[in-house]
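> Please work out how this folds:
(2 chains)
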Amino acid sequence: NAGVTQTPKFRVLKTGQSMTLLCAQDMNHEYMYWYRQDPGMGLRLIHYSVGEGTTAKGEVPDGYNVSRLKKQNFLLGLESAAPSQTSVYFCASSNAGTSGHNEQFFGPGTRLTVL
Amino acid sequence: KNEVEQSPQNLTAQEGEFITINCSYSVGISALHWLQQHPGGGIVSLFMLSSGKKKHGRLIATINIQEKHSSLHITASHPRDSAVYICATRNRTPGGGADGLTFGKGTHLIIQP
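Got it, this is the predicted structure:
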């Protein structure tokens, strides 16, 4: 099993360009998450999904859109990139559960620079 | 919004020392996670706990729900333990739920030979 994979690993964009980050998991997990990690700050939740066809906003959703057309994939889109979106982006997935006690499995991260 | 604070921010110790990293949070939670982020950037889940204590090898995690506090201990520390250790909480949501974790800023641990 590959676990959680992210594409691409690195990307440099110019302000105003658009791009899509792809997250894929092969563990049949219901829940998927996108986080960003910035220096001096903890990881912050951008958007998440509790199942195929559903998405929800997290702590810092502005400037991002997401889609979950297939259970195994969770896409993060930047329609018009800004320098403030320079960050490392992590995708994670977990099993569903009613207790909330679900381990999250993280992808390797995507380092994005917006010039 | 839950506030998650970790201490210390940075810790340098000698090989073999007993290490303690602390985490406190501001509101009730359903679970607390300890994660390890390697120098290469990958994040691995170490523990997930909602009460008491868990042990895995040289790592021990404890949580005190009443005091809203958790600790991560490393016994017989080794240079390969050098990493950033991150505390994260899962808030209570009606009916359970999948809202993501709230993270501390991490503790940068260096174990010197």
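> For the rest of this, base every contact and every neighbour count on C-alpha atoms.
OK.
> check contacts around whichever residue of chain A sits closest to chain B.
Proximity of chain A to chain B (CA to the nearest CA) peaks at residue A:42, 4.1 Å away. Listed by CA atoms under 8 Å, 6 or more residues apart in numbering or on different chains, the contact partners of residue A:42 are B:103, B:104, B:105, B:106.
> Low-confidence bits of the chain, can you list those?
Chain wasn't specified; assuming chain A. Regions of chain A meeting the criterion pLDDT under 70 cover residues A:96-101.
> You answered for a different chain; I wanted chain B.
With pLDDT under 70 as the threshold, chain B has low-confidence stretches at B:92-99.
> let's see it at 50
B:95-97 (pLDDT under 50).
> By neighbour count, which of the contacts of residue A:42 wins?
Per-residue neighbour counts (other CA atoms under 10 Å in any protein chain shown) across those peak at residue B:106, which has 29 neighbours.
> Tell me who's in contact with that one.
Neighbours of residue B:106 in contact, by CA under 8 Å, 6+ apart: A:42, B:6, B:9, B:84, B:85, B:86, B:87.
> Looking at the residues you listed, which is nearest residue A:68?
Taking CA to CA as the measure, residue A:68 lies nearest residue A:42 of these, at 25.1 Å.
> most centrally placed residue in chain A?
Most central in chain A under CA atoms, centre = their mean is residue A:34, positioned 2.6 Å from the mean C-alpha point.
> what pairs with the helix or strand containing it, and is each one parallel or antiparallel?
Assigning secondary structure by DSSP states H and E places residue A:34 in strand A:31-37. Strands flanking strand A:31-37 in the sheet, each with its direction: strand A:44-51 (antiparallel), strand A:87-94 (antiparallel) (DSSP bridges).
> How far off centre is the following helix or strand past the last one?
Following strand A:87-94 in sequence order, the next helix or strand is strand A:105-106 (DSSP H and E). Centroid separation for strand A:105-106 versus its chain: 11 Å, with CA atoms, centre = their mean, to the nearest Å.
> Alright, I will stop here.
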